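# Model the structure of this input:
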Amino acid sequence: MGGGDLSGVDEPAVLRAVARPSPSGKDPGRHATPEGQHSVPQPAAQTATHPAAHPATPERHSAAVVADRFDRITWRDTYEQSAGLRELAAELTARHDHADDLLTDVFLAAYKLRPRVRERAEMEPSRLVNHQIVDALAGAPDFAELRRWTAGDPYAAAMTVLAQAAALRRMLERTREADERAERAQRAQRAAEDARTETETETEGQTQPRTQPAQNTEPTEAAGAARQAPQATPAGAQAAPSVTVASARAAAGPGIRAAARGAVAQAAQAAREEAALMRAWGVDPGELERMPFDQRARLAERLRTSRLARWAELIGRFRQMAEGERAHKIENATGELVGVTLGDDLSRVIPSELANLGLPETRAVFAARYAAGELMLYDSQGEQATGRGAVIACVDTSHSMYEAGPGGVTREAWAKACALALLDQARHAGRDFVGILFSAADKIQIFRFPGGRPTGIAQVLDFAESFLGGGTSYQAPLTAARELLAEEFDDAARRRGDIVMLTDDECGVTEEWMRDWKDAKRLLGFRVFGVAIGAPAAAEADSVLDALCDNLRSVEDFTDVHAAADLFRLI
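Just a heads-up that it's a prediction; the model follows:
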């Protein structure tokens, strides 16, 4: 059959696969040749109108989650910023092949808005383990809930990867053990087949004529074992083919899916709690998105380990309550008339005072009394006009504030939660807020939050976490509050500030100090609200706190945030 002469030989299968005969009976895939000869089919590039010799091999991928260039850039940037991700990758890749690709897939499944997991047939064989794990995670019941908190947020997606680290280790170990079992089974199968082959060869040698010298007639140990158990080998050989790597991984599937369900549920819970923690502390989502990865991680850790971390739910409820009360706040409401008082509010002047304006000789008297704030006015009980000066919260941090009430909530926790809600109230109205922590006369700490500037969460945490200890003195914090309002009046001509006194104790003040306090109150027009926390005696009539405050109430149930609701309608 030299010179390409293939006469007498059937057409090869490869020619049948390249082109089928045309309806005319001629083969379009051949050149014209002399009768009785066959030609070699043309390459696919030259016969574009005909099917290829073999179907195109589908493209294989190393990534289980479909991603574009921007997704991969996001992953690389996040990976470089997160020491936790780098440490986890180093740990897993030391024991498992392609674990770095697995972490990428887990991150992208949580981060992408519409993640798509590739089909198993699209994967490179070396990445099938990654595909099995990612597919199990994406199929978990809580996966959609998890993505509520992580989609589009690189930090939250990275935290999800770290939250699932223990489960990823277990799932990788399961597949590793399955692969090792399959390999051991395959080795046993090959050993059994080798033993059977050797036994058959030896048997054939023994049946040869005696005149022909036998070679290697001494049975090996494997052959002897095969003869001693002649029925075991066929059974083992029959069962072995079913123990492949693929079948072993399939057998490990239920365990992997169970681990994935638990990992996703745990990660969803962690993401939900962190989001609630940020919301409770008043951290704006936009601020979080602009925050560098490391700074956000440190903030989350600080919030979780803060002295008041376990009261985050209480802080959140206070803020929600204050937000609701703002919607009901009524400014300049007349309220219920309860009598006559003195002042300079022309909208409430009684008719007999207005009559003085009708006579030229009494107009000067009216003007003098108006300037002195001594006009007779209708007194009302109800919603009053809100202030315009700073909101100042004086928070008692003496030792007794550690005491817990119903539900285990401490007096300090209730007072700090109320103060943080007042901070929100001032922010919402564009007013300055000042937090004054006090205890004994020589222990005071002031935190200023100007209304026209963004409030940093770090400063808020410093205010909330600080605790001075010691005894209780009213004069020191109230003097500081009075001086701050006087400074505001001098600098910006703003009056009508609001001071909220949060304490669990009662103490005295000097008569001289009380005279100065009343003079400043009349000049600056500020109001004082008092809250006696777990100390009903301090809120009784004729108490020092009662003499200092325009509005005073007592709180006994520290789980009840609505005990202070009216503050947020008035302030």
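# my guess is Ala539 meets Leu545, correct?
Yes. At 6.4 Å, Ala539 counts as touching Leu545 under the criterion of C-beta atoms under 8 Å. Using the backbone N, CA and C atoms, a C-beta is placed for each residue, glycine as well.
# Nearest to the middle of this protein, which residue? Look it up for me.
Taking C-alpha atoms, centre = their mean as the criterion, Ala271 is the residue nearest the geometric centre of the chain, at 3.5 Å.
# What strand or helix carries the closest residue to that one other than its chain neighbours?
Spatial nearest neighbour of Ala271, chain neighbours left out: Trp149 (3.7 Å); criterion: C-beta to C-beta, 6 or more residues apart in numbering. Per DSSP states H and E: Trp149 is located in helix 143-150.
# Report the distance from the longest helix seen in the chain to the chain centre.
Longest helix in the chain, counting residues (DSSP state H): helix 165-206. Centroid separation for helix 165-206 versus its chain: 45 Å, with C-alpha atoms, centre = their mean, to the nearest Å.
# Use 462 as the first number for this chain going forward.
Done: numbering now begins at 462, and the last item shifts to helix 626-667.
# Name the spans of the stretch 512-661 of the chain whose pLDDT lies under the cut-off.
512-519 (pLDDT under 70).
# how about 50 then?
Scanning the stretch 512-661 of the chain for pLDDT under 50 picks out the ranges 512-514.
# Now do the strands in the chain.
797-804, 836-842, 852-857, 894-899, 905-910, 959-964, 988-994, 1012-1016 (DSSP state E).
# Same list (the ones you listed) but as JSON lines, adding distance to Phe924, mean neighbour count and mean pLDDT.
Below are the strands of the chain laid out as JSON lines (distance: least, C-beta to C-beta, whole Å; neighbours: other C-beta atoms under 10 Å; pLDDT from 0 to 100):
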{"stretch": "strand 797-804", "distance to Phe924": "35", "mean neighbour count": "12", "mean pLDDT": "68"}
{"stretch": "strand 836-842", "distance to Phe924": "34", "mean neighbour count": "17", "mean pLDDT": "72"}
{"stretch": "strand 852-857", "distance to Phe924": "9", "mean neighbour count": "28", "mean pLDDT": "96"}
{"stretch": "strand 894-899", "distance to Phe924": "5", "mean neighbour count": "24", "mean pLDDT": "96"}
{"stretch": "strand 905-910", "distance to Phe924": "4", "mean neighbour count": "18", "mean pLDDT": "94"}
{"stretch": "strand 959-964", "distance to Phe924": "13", "mean neighbour count": "26", "mean pLDDT": "95"}
{"stretch": "strand 988-994", "distance to Phe924": "18", "mean neighbour count": "24", "mean pLDDT": "93"}
{"stretch": "strand 1012-1016", "distance to Phe924": "21", "mean neighbour count": "18", "mean pLDDT": "90"}
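# list the buried ones in the helix holding Trp610?
604, 606-608, 610-611 (16 or more other C-beta atoms under 10 Å).
# Relative to Glu835, which of these is nearest.
Set against Glu835, the nearest of those by C-beta to C-beta is Trp610 (60.3 Å).
# check contacts around the closest one.
Applying C-beta atoms under 8 Å, 6 or more residues apart in numbering to Trp610 gives the contacts 617, 729, 732-733, 735-736.
# repeat that with 7 Å
Residues in contact with Trp610 (C-beta atoms under 7 Å, 6 or more residues apart in numbering) are 617, 732-733, 736.
# Reformat those into a markdown table and put distance to Gly545 next to each item.
Below are these laid out as a markdown table (distance: C-beta to C-beta, whole Å):
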| residue | distance to Gly545 |
| --- | --- |
| Ala617 | 14 |
| Ala732 | 15 |
| Arg733 | 20 |
| Ala736 | 19 |
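# Buried subset of those as a PyMOL selection?
This is how PyMOL selects the buried members of the contacts of Trp610, with burial counted by 16+ other C-beta under 10 Å:
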select buried, resi 617+732+736
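# Just the ones of the contacts of Trp610 in helices?
Per DSSP H, the contacts of Trp610 map to helices at 617, 732-733, 736.
# Show me which pair in those is furthest apart.
Going by C-beta to C-beta, the pair spanning the ones in helices among the contacts of Trp610 furthest: Ala617 and Arg733, at 10.6 Å.
# Give me the nearest residue to Ile918, chain neighbours excluded.
Val744 is the one closest to Ile918 (C-beta to C-beta, 6+ apart), at 5.3 Å.
# for Thr554, same thing?
Nearest one to Thr554, counting by C-beta to C-beta, 6+ apart, is Ala560 at 4.6 Å.
# domains in the protein, as residue ranges please.
Taking automatic domain parsing as the criterion, the chain consists of the domains 521-661+683-764, 797-842, 852-1031.
# Quote the end-to-end distance of the first one.
I take that to be domain 521-661+683-764. Domain 521-661+683-764 has an end-to-end distance of 45 Å (criterion: C-alpha to C-alpha, to the nearest Å).
# and that domain, how far out from the chain's middle?
Worked out by C-alpha atoms, centre = their mean, domain 521-661+683-764 lies 21 Å from the chain centre.
# and what of the second one?
Mean-position distance between domain 797-842 and its chain equals 59 Å (C-alpha atoms, centre = their mean).
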